[in-house]
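1. prediction below, plus the sequence it came from.
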Amino acid sequence: MRGGAADNQGIDVGDVIEQIDETRVTKDTKFAEVSYLVKGMEGSIVTLVLRKKSGESVTVRLVRARVPGSKAEMLGALWQTRGGYAKKEFKELTMNDKLDKLAELRRRGNLTEKEYQKARYRLLGEEPPPPPDEGSLGFLSQ
């Protein structure tokens with residue numbers, strides 16, 4: 001991914017990940033598990049053992065970095081208390097600023113409606129309403 005930790009590190013399209021740190025990766029390893037193992041705290045190191053197209057096995061050590069424009073980065077910004085520079089000072093983000101940013105992510109298609117609602121409830125410190133009982137007409141029971 002452009003801008004990610006692996007960008008310009010000798011990792012090529014078609015390389016096969018055989019190991020992440022101490023964990024072997026096989027054809028049965030799920031993508032979600034690989035993703036989980038590769039992600040980590042910014043600045044920490046992850047070691048990958050790759051099989052190149054030539055059959056050569058290489059070890060690559062990467063310093064984990066924030067991926068610019070990733071969904072995680074965009075959502076993470078909502079929980080910060082300070083925004084961008086305003087006259088060389090940090091501007092405090094209000095709840096309305098954060099809700100506007102969240103709505104913008106939804107409008108751009110970066111979030112599904114379900115992700116948007118979940119993030120909005122979390123941001124507001126509210127619990128989402130429980131799903132309706134199947135087959136019930138709630139207004140009739142009141």
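-> Now that the structure is in, tell me what you want to look at. This is a predicted model, so every value here is computed, not measured. Residues are numbered from 1 along each chain as shown.
2. give the buried residues for stretch 120-135.
-> Arg120, Leu123 (16 or more other CB atoms under 10 Å). Yep, even glycine has a C-beta here, placed from its N, CA and C like the rest.
3. and if you look at stretch 41-56?
-> Applying a neighbour-count criterion of 16+ other CB under 10 Å, one finds Val46, Leu48, Val49, Leu50 buried in stretch 41-56.
4. backbone phi and psi for the last one, please?
-> In terms of degrees, to the nearest 10, the main-chain angles of Leu50 are phi -120, psi 150.
5. just give the number of residues close to Glu92.
-> Using other CB atoms under 10 Å, Glu92 is surrounded by 10 other residues.
6. and it, what pLDDT?
-> Among the per-residue scores, Glu92 shows a pLDDT of 72.
7. repeat for Asp28
-> Checking the pLDDT column for Asp28, the value is 90.
8. what about the strands in this protein?
-> With DSSP state E as the criterion, the chain has strands at 16-20, 23-24, 45-51, 57-63, 82-86, 89-92.
9. these: lowest mean pLDDT?
-> Of all these, the minimum mean pLDDT falls on strand 82-86 (a mean of 46).
10. biggest helix in the protein, by residue count?
-> Using DSSP state H to define each element, the chain has its longest helix at helix 95-108.
11. next, the buried residues of it.
-> Of the residues in helix 95-108, those with enough neighbours to count as buried (16+ other CB under 10 Å) are Lys98, Lys101, Leu102, Leu105, Arg106.
12. which residues does the last one contact?
-> So that's Arg106. When the contact criterion is CB atoms under 8 Å, 6 or more residues apart in numbering, the partners of Arg106 are Glu113, Tyr116.
13. how much space separates it from Thr23?
-> With distances taken as CB to CB, to the nearest Å, Arg106 is found 35 Å from Thr23.
14. what is the neighbour count of the closest residue to Lys39 other than its chain neighbours?
-> Distances taken as CB to CB, 6 or more residues apart in numbering place Arg64 nearest to Lys39, at 7.3 Å, with adjacent residues excluded. A total of 16 residues lie near Arg64 under the criterion other CB under 10 Å.
15. roughly how far does Arg64 sit from Gly43?
-> From Arg64 over to Gly43 the distance is 7 Å, taken as CB to CB.
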